[in-house]
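Student: Sequence and computational prediction follow.
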Amino acid sequence: MKKTSLLFALCLLLASTACSKEDKQSFSSVDHDKDGGVIFEELVFVFPDIVVENFAAYDTDQNGILDQSEYKAFHTDVVAEKKPPRAASLAASPAKPSAQPPVAAVRPDITVTLEQDTTSAKTAEPAPAAKPAVPAKTAKAPEKQDSASYTIQRGDTLTKIAKKHGLTVDDILKANEGLSADNIRDGQVITIPAR
């Protein structure tokens, strides 16, 4: 009887260990603040080897948040199929318009350029001449302002703070030597650089 009970307890322990590993990588577990989206800081908490270029490659709508379908694509590649994560090349400013149709999603703070598949171009018929790209409307540049201090509140992330002030996370990191997304805490005062 004791052997059966011990064996049953061991099976339960192994099953709970296997389940907890899967649970840590599910969308609901990675979405720590339960807002229906995974930001870069939440993803890095579970997958510490991920870099911004990986996150940007899966953020197809370029809103700075992975929704469930975007996270599912990431999870399928990295966890289920054990592939290296996709990476997008990031540029500091939007790309200049060209005669070819745009291949980048443009945001005010970064440009993501996805590589095109050149293998299918060899067998496909030539495409008709492309129309010139129409430059996107640009918002008026905000007025210059001096740098300011900001006290980190509970639930703040560098991404949220950057969006709130119209900056990039990189801008905030450059203005605060020694600061990283992993070491911010409630009540910490950081410098918000001028735009």
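Tutor: Great, that's in hand. Numbers count the residues shown, from 1 in each chain.
Student: Let me know the helix or strand that Ser28 is in.
Tutor: In this structure, Ser28 sits in helix 27-30 according to DSSP states H and E.
Student: For this protein, just list every one of the strands.
Tutor: Assigned by DSSP state E, the chain shows strands spanning 89-91, 104-106, 111-113, 148-151, 189-192.
Student: Who's the closest spatial neighbour of Ile39, skipping the chain neighbours?
Tutor: Thr159 (4.9 Å; Cβ to Cβ, 6 or more residues apart in numbering). In this view, the C-beta of every residue, glycine as well, is placed from N, C-alpha and C.
Student: I figured the one you found hits Glu42, correct?
Tutor: No: contact criterion Cβ atoms under 8 Å: Thr159 and Glu42 do not qualify, at 9.4 Å.
Student: could you list every residue that touches the residue nearest to Tyr58 when sequence neighbours are not counted?
Tutor: The shortest distance from Tyr58 to any non-neighbouring residue, by Cβ to Cβ, 6+ apart, is to Phe74 (4.4 Å). Going by Cβ atoms under 8 Å, 6 or more residues apart in numbering, Phe74 touches Leu43, Tyr58, Leu66, Pro85.
Student: Next one: the second one relative to Leu167, how far apart?
Tutor: According to Cβ to Cβ, to the nearest Å, Tyr58 stands 23 Å off from Leu167.
Student: Between those two, tell me which one has more neighbours.
Tutor: Neighbours per residue (other Cβ atoms under 10 Å) separate Tyr58 from Leu167, with Tyr58 holding more: 23 against 20.
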